[in-house]
Every structure is written in structure tokens, then in C-alpha cells.
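Enquirer: Got a predicted model here, sequence first, then my questions.
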Amino acid sequence: MNIKFTKMHGAGNDFIVIDATRAPLNLSAAQWQRLADRRFGIGADQILIVESASSPDVDFRYRIFNADGSEVEQCGNGSRAFVRFVTEKGLTSKSAIRVETMSGVIEPRLEADGSITVDMGAPELTPEKVPFNSTGLDAQIQGRDPLWPLQINDKQVLVSVVSMGNPHAVQVVEDSEAFPVAADGPLIEHHERFPRRVNAGFMQVKDRHHIRLRVYERGAGETLACGTGACAAVVAGIRRGLLDSPVRVTTHGGELQIAWAGEGHSVFLSGPAVTVFEGEITL
């Protein structure tokens, strides 16, 4: 099987993007892993599949596979790559599109300056819908945000739980660069309180409109940027009373801009999306 692909990235969060609008592409978990492998395949944090719309009120369907072969609900940086891909490939002439994902419809928009803004929808803040099992736990309230205790080996950490279509656990740290993300990230990702695993975010507040963020992504490990992780961190920071919208999010791969007007409102994610190269691979 020969597969044509485009390699893209959004602030260093890198993707393989494949056009499956003309013919379906159904691969095994092992084949997705092979594509994402940085030594034996193409290499990527996530693989993004562009499919034809399944209903008349959307323009495309968007499927996302992590580097470990698991299909996931949402990818914010990927959604920006998605709209640039369908525009560059002539699959749409619209500057704003509606895209169906596993977790609902998102609306990415190509701006006149070349940046891309995505309406990510409203965050889900009810623990059982994240999903997070809060049974038997007592939350500490900071501002309007419940901080949930998690036991990580011999220490307890306090996290905000937020879904941006995919689950996130956000904690505030004093120094994101010095924090042991590689050690704590997988322990939080696989914590028994998260039945679908979780993306672990480590946020350092620089001022009320600026944070530094590292994210250990579910199924991918630490990435250079995480769009939904940036959204979740800003939501948590605003609810805790630490941040004011809009917020600049500095990641290892670049900067993202997040705006959120509060409960019941959509989160807006803005940032770059870059095409790196194109090719064809045989599986």
C-alpha cells in the first residue's frame, strides 16, 4: 500500500496529514505506529486524517491518531494544520470551515495575516464528563476552580480537570523548565482516576496574560506544544483567578494565543500551522 502524505507542524507539535476524501483509509494500530515512528517511519506526534463530510452542516470529518496508534477525540494544533492543508490542496475555497471530530464540531479559520484561529467550543468542567473519577475526594477551591488531589508515588499534587474534547489535568508549578515532566507525566497520564487516560499539563504563570506550559500528551509523551493543553491551562488559570484573557502561551515549540470569556463561552486558539514537506510511503 502506497500512502501520500504531508508533514506539518503547529508550534513544533508535528503531524502527518493524509487526504482520505476520495477513498477511506483504515489501518491497524501497528500501522499507525509505523507511520509515526521517527526512525522506521515518517515521524509525528499525531496522524491527521481528512475525510469527506458525513452530514450537510459540516465541511469535513477529522480523525486523529496518536503516535501509539490510539484514536483520540481532539487535537487543537492539528486543527490549524487541518485548515491549512485543505486550503493548500484546493479541497475548499472557504477561509472558515466546520469540521466534525469525535468530540463534536470545531470551526478553524484562516486569518488574513496567515495565522489560524480555531473555535474550540466551550470547555467541559464537570469531572465525570472529562472523565475524572472524583469519588471520595475532597477538592480545594481556588477562585471558581476545584483543585483535585492526586497521589503520585509518595507525593500529592493538586490538578484542575478540564475537557477540551479530550481530557486534561492541569497543575501550576513554580518553574516549568525545572519540573520533572518526564517522571510525573506518565504517572498522571495513566492515573486510575482517569478512565480514558489524560493529558498532563504543567503551567508556570509569568503574569496575568502570559504562561509557560509543558504538556505530557496521552499516547505521545511530551510534545513541543499542545493546543488543547494550552486551552485547558488557560481555562484553569482564569477559573483559579490567576489569569485574564487573552493569554499568551509559551511552549518549547513556539507561542499560542488563547482567549476565553468564561463559562458557557467558546475557547479560541490562535497560532501558526506550517507545511514542512510532502512524500509517499509504502506500508
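Expert: On my side now, so go ahead. Numbers count the residues shown, from 1 in each chain.

Enquirer: first to last residue in stretch 71-79, what's the distance?
Expert: Taking C-alpha to C-alpha, to the nearest Å, stretch 71-79 runs 15 Å from one end to the other.

Enquirer: Show me the contact partners of the helix or strand harbouring residue 275.
Expert: Secondary structure from DSSP states H and E places residue 275 in strand 274-282. Residues from elsewhere that reach strand 274-282 (C-beta atoms under 8 Å, 6 or more residues apart in numbering): 1-10, 14, 35, 41-42, 84-85, 88. Backbone N, C-alpha and C define where each C-beta goes, glycine included.

Enquirer: Which among the residues you listed count as buried?
Expert: 3, 5-10, 14, 35, 41-42, 84-85 (16 or more other C-beta atoms under 10 Å).

Enquirer: Which of the contacts of strand 274-282 fall in strands?
Expert: Under the assignment DSSP state E, the contacts of strand 274-282 contribute 2-10, 14 to strands.

Enquirer: got CSV for these, with distance to residue 254 and pLDDT too?
Expert: Formatted as CSV, the ones in strands among the contacts of strand 274-282 follow (distance: C-beta to C-beta, whole Å; pLDDT from 0 to 100):
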residue, distance to residue 254, pLDDT
2, 33, 95
3, 28, 97
4, 27, 97
5, 22, 98
6, 19, 98
7, 17, 98
8, 13, 98
9, 9, 97
10, 8, 94
14, 12, 97
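
Enquirer: Strands of the stretch 1-150 of the chain, start to end?
Expert: For the stretch 1-150 of the chain, the strands defined by DSSP state E, counting those that start in this stretch occupy 2-10, 13-19, 46-52, 60-66, 71-72, 99-101, 104-110, 116-119, 140-142, 145-152.

Enquirer: picking that back up, distance to residue 115 for the buried ones among the contacts of strand 274-282 - can I get that in CSV?
Expert: As requested, the buried ones among the contacts of strand 274-282 are exported to CSV (distance: C-beta to C-beta, whole Å):
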residue, distance to residue 115
3, 29
5, 24
6, 19
7, 20
8, 15
9, 14
10, 11
14, 18
35, 28
41, 30
42, 26
84, 10
85, 15
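
Enquirer: Farthest-apart pair in these, please.
Expert: 41 and 84 (22.4 Å; C-beta to C-beta).

Enquirer: Tell me which stretches of the chain form helices.
Expert: Per DSSP state H, the chain carries helices over the ranges 29-36, 76-88, 181-189, 227-239.

Enquirer: Return the most buried member of those.
Expert: Of the helices of the chain, the one with the most neighbours on average (mean count of other C-beta atoms under 10 Å) is helix 227-239, at a mean of 29.

Enquirer: how much does that helix deviate in direction from strand 13-19?
Expert: 130 degrees (axes from the mean of the first three to the mean of the last three C-alpha atoms, to 10 degrees).

Enquirer: In space, what's closest to residue 252 - neighbours in sequence excluded?
Expert: In space, and not counting its chain neighbours, residue 252 is closest to residue 224: 4.6 Å by C-beta to C-beta, 6 or more residues apart in numbering.

Enquirer: Please list all residues in contact with that neighbour.
Expert: Shown in contact with residue 224 (C-beta under 8 Å, 6+ apart): 11-14, 251-254.
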